[in-house]
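**Student:** would you be able to build a 3D model of this:
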Amino acid sequence: LCKDKGMAKEILAYHRIQFPDYAIFPPEATIKRPKRLAFPLFIKPLKNEASYGISQDSFVENDQAFEDRIRFIHESMQQKALAEEYIEGRELYVSIVGNRHLQVLPIREAIFSKMPEDRPHFSTFKAKWDEAYRQRWGIQNTFAKDLPDGMVSRIARVCKKVYRALHIWGYGRIDLRLTPEGRILILEANPNPGLAPDDEFAQSALKAGMSYEHLVQRIVRLAIQG
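**Tutor:** Down below sits the predicted model:
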């Protein structure tokens, strides 16, 4: 359900969970922007993970760039392209562990401290995996600070709802944007997030008082329990 981002959005819509407006373009489709999608827009592969296929060119502000990026995904990745609203705001990562009883771990955030204000701030493939690029643009992943009163609880409620709606089991991570007006919009749900000790999930678990060994044991135990 989570691998197909279009199907995931349909399920979230049924549960009245907010996300950016979107359109899907199969390789054989005519590439024409729906009028309801206003620029700027964000274009990405429908089924890839780890930000593969996402670069600064994924952010488009006119129809020519829109068509070029969709065509690039069709030709280079042989899959459908997902076009969605670009949402200004804070990029937050919410890790959850559990089956029936869910524990929401401390929220992480992507910070772009050296990125010019007039450039869009989002996690490209390089922003996640190229250390030199991260240092050049001051990209850091840290714990979210100074969230408005009550926002942590609101985010936890929404993310639990996403987790259950998409039948995530054992552990998962929900990526979202928090707008300056306080809207919570889900970007995607990851049912198989990275579990390296320095990744978001393990860092959030550590902050919650769980050692890395305890975290791995807990996930294995949840899997055995079914």
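
**Student:** check the gap between the spatially closest residue to Ala208 that is not a sequence neighbour and Trp169 for me.
**Tutor:** The shortest distance from Ala208 to any non-neighbouring residue, by C-beta to C-beta, 6 or more residues apart in numbering, is to Leu105 (5.0 Å). Yep, even glycine has a C-beta here, placed from its N, CA and C like the rest. Leu105 sits at a distance of 16 Å from Trp169 (criterion: C-beta to C-beta, to the nearest Å).

**Student:** these two: which is more packed in?
**Tutor:** For Leu105 versus Trp169, neighbours defined as other C-beta atoms under 10 Å are more numerous around Leu105 (25 against 15).

**Student:** residues contacting the more buried one?
**Tutor:** For Leu105, the contact set (C-beta atoms under 8 Å, 6 or more residues apart in numbering) comprises 94-97, 201, 204-205, 207-208.

**Student:** from these, list just the buried residues.
**Tutor:** Among the contacts of Leu105, those classed as buried by 16 or more other C-beta atoms under 10 Å are 94-97, 201, 204-205.

**Student:** ok, these vs Pro20, which is closest?
**Tutor:** Nearest to Pro20 among the buried ones among the contacts of Leu105 is Val94, at 16.9 Å by C-beta to C-beta.

**Student:** doesn't that closest one fall inside a strand?
**Tutor:** Yes - Val94: assigned to a strand according to DSSP: H, G, I helix; E, B strand; the rest coil.

**Student:** ok, it - contacts?
**Tutor:** Neighbour list for Val94: 104-105, 107-108, 155-156, 159, 173-176 [criterion: C-beta under 8 Å, 6+ apart].

**Student:** in the protein, where is pLDDT below threshold?
**Tutor:** Along the chain, no part satisfies pLDDT under 70.

**Student:** tell me, what residue is most central in it?
**Tutor:** Centroid-nearest residue in the chain, with C-alpha atoms, centre = their mean: Asp175, separated by 3.4 Å.

**Student:** residues in contact with that residue?
**Tutor:** 91-94, 186-190.

**Student:** what number of residues lie near the nearest residue to it once chain neighbours are set aside?
**Tutor:** Spatial nearest neighbour of Asp175, excluding adjacent residues (C-beta to C-beta, 6+ apart): Leu187 at 4.5 Å. Using other C-beta under 10 Å, Leu187 has 21 neighbouring residues.
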